[in-house]
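Colleague: Sequence and predicted structure are below.
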Amino acid sequence: MTYNFTVSPDFNPNHLSGWFIFNTWLQKAIGEGIHLELFDDFDSQRRAIADNQFDLIYANPYDASLLVREKGFLPLVSPQNKSDEAIIAVRADCPAHVVEDLKPGLRISSTDDPDVNMMCMIMLEPCDLSAENTVLHRSDTYVIVAKNLIQGDADVGFFLEETYSELSNMIRSQLRPLVQSQIQVINHVLLVGPRLIHMRETMGNALMTMTQEEKGQGVLESLGFSGWETVSEEDTEFMIDLMDTLED
Amino acid sequence: MVVDMSPDDLIGEHREVLLKYHDGTVRQVLVTDVETPMPDGRLIVSRTDPQGLITHVNQSFIEMAGYPEEELIGAPHYILRHPDMPAAAFKMLWDTLKENKKWHGYVKNLRKDGGYYWVYATVIPNIRGGQLMGYTSVRRKPSRTKVREAEELYRTLS
Ligand SMILES: Cc1cc2nc3c(=O)[nH]c(=O)nc-3n(C[C@H](O)[C@H](O)[C@H](O)COP(=O)(O)O)c2cc1C
């Protein structure tokens, strides 16, 4: 039997090949065939997930909720020291220096990344900005969000911190972070589904010893991770509860 | 479990208020008018057991409440209750939680140094395998307008 693996579409494009390298490594490590399928957007991936097409998912915190609570997925690991944080950025010459300087009618440029959008909208709440009095423009990638800002087509842009810090120097020098989240407990998690759950322990062991072998080290590097951390069911349940409190 | 507040911990002029909590505990609290604004982009997180005794706090909680972690773990969550908060608000909180539902509200909290901070709080029951294991509360920086509305409302309730 071949199992199916997918990665949350908000993965860093610089590490795209890393996920294929990882999948090759994983198949060897556990002696099972796994097919990796990547998606460009959240909607088509969600439809495939709803259709129970996947057995292994590197999930964003938002989707983890549905997968664990409704689809019987269990957590394996999260990347070490890598929590999901969000940045609201402006153009470098923007007169706003704190969120309170922002006004209704604000033009927002964002991707369709659900947890980043949620965290950023929360950071706008203190100045009474919400979906009702702002204009949201969705773009396909963070690079386009950055361009929208630079060209003056948007007042603020929503970014995943990791992606923001990996924008080219040329782009970043024209932008300025206005506010940044420090939540620390929200992160992506590798989840294993019902058909593959019998391999949970084997996979967990293989992943946790990756840093001890040269091949594994290289694979981690291609993903941009320093290693993995074991995630317990309670860790994930706690994160899901936390996400739930942020939803409204 | 909770001790009276000490003038040594205070910053600024204070008034004394005797608070009586739902479990019969009476505590003298010292209150100042010094507000500590909630920092941007942070969340204050705590967890309690089903009775409301604190089992976990994050770093932002410790900084905003002004108590060291060891004084918080095991303490009842009312350790942060500010005398300006009406009992009705917390009755609604507990009534909602008892139905296993999520609660939201604007809360003025009392710091160890007598000052206060406003938050927008959400409390959610932690259900595991159908069992209630405790509660998690997450607070974020509130809208100034909403805080002013809550201030008005709470004045009429207490
Ligand atoms: C998870 C959780 C978090 C709470 N957080 C607070 C808080 O930050 N401040 C507060 O005054 N009460 C908080 N409460 C409510 C207290 O348990 C308590 O009901 C309230 O302080 C009023 O105290 P009293 O009913 O004993 O007078 C929280 C309750 C729970 C379950």
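Modeller: On my side now, so go ahead.
Colleague: so A:Q45 is in which element?
Modeller: helix A:42-50 (DSSP states H and E).
Colleague: now that helix, how far from the centre of its chain.
Modeller: Offset of helix A:42-50 from its chain centre (C-alpha atoms, centre = their mean, to the nearest Å): 15 Å.
Colleague: Tell me the first helix or strand C-terminal of the longest strand anywhere in chain B.
Modeller: Assignment by DSSP state E gives strand B:116-128 as the longest strand of chain B. Downstream of strand B:116-128, the first helix or strand assigned by DSSP H and E is strand B:131-140.
Colleague: Quick check: buried residues in that following strand?
Modeller: B:M133, B:G134, B:Y135, B:T136, B:S137, B:V138, B:R139, B:R140 (16 or more other C-beta atoms under 10 Å in any protein chain shown). All C-beta spots, glycine's among them, are computed from the backbone N, C-alpha and C.
Colleague: Repeat that for stretch A:69-86.
Modeller: The neighbour-count check on stretch A:69-86 (16+ other C-beta under 10 Å) flags A:71, A:73-79, A:82-86 as buried.
Colleague: now stretch A:2-17
Modeller: A:Y3, A:N4, A:F5, A:T6, A:V7, A:S8, A:P9, A:D10, A:F11, A:H15.
Colleague: Got phi/psi on the third one?
Modeller: The phi and psi torsions at A:F5 (degrees, to the nearest 10) take the values phi -130, psi 140.
Colleague: excluding its backbone neighbours, what's nearest it?
Modeller: Distance criterion C-beta to C-beta, 6 or more residues apart in numbering or on different chains; nearest residue to A:F5, sequence neighbours excluded, is A:L56 at 4.2 Å.
Colleague: Let me see the contact set for that neighbour.
Modeller: Applying C-beta atoms under 8 Å, 6 or more residues apart in numbering or on different chains to A:L56 gives the contacts A:Y3, A:N4, A:F5, A:T6, A:I34, A:L190, A:L191, A:V192, A:G193, A:L196.
Colleague: In the sheet, which residues pair with it? Tell me.
Modeller: A:F5, A:V192 (DSSP bridges).
Colleague: So which bits of chain A are right by chain B?
Modeller: A:98-99, A:122-123, A:125-128, A:179-185, A:234, A:237-238, A:241-242, A:244-246, A:248 (C-beta under 8 Å from any C-beta of the partner chain).
Colleague: Among these, name the buried ones.
Modeller: Buried among the residues of chain A next to chain B by 16+ other C-beta under 10 Å: A:99, A:122-123, A:125-128, A:179-181, A:183, A:185, A:237-238, A:241-242, A:244-246.
Colleague: Narrow these to those in strands?
Modeller: When DSSP E is applied, those are split such that A:V179, A:Q180 fall in strands.
Colleague: circling back: which one of the contacts of A:L56 is nearest the ligand?
Modeller: Using C-beta to the nearest ligand atom, A:L191 comes nearest to the ligand of the contacts of A:L56, at 26.9 Å.
Colleague: show me what contacts that closest one?
Modeller: So A:L191 contacts A:L56, A:I57, A:Y58, A:A59, A:A64, A:L67, A:V68, A:F73, A:L74, A:P75, A:L76 (C-beta under 8 Å, 6+ apart).
Colleague: CSV please, covering these and showing pLDDT and secondary structure.
Modeller: Formatted as CSV, the contacts of A:L191 follow (pLDDT from 0 to 100; DSSP: H, G, I helix; E, B strand; the rest coil):
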residue, pLDDT, secondary structure
A:L56, 98, strand
A:I57, 98, strand
A:Y58, 98, strand
A:A59, 96, strand
A:A64, 94, helix
A:L67, 96, helix
A:V68, 96, helix
A:F73, 98, coil
A:L74, 98, strand
A:P75, 98, strand
A:L76, 98, strand
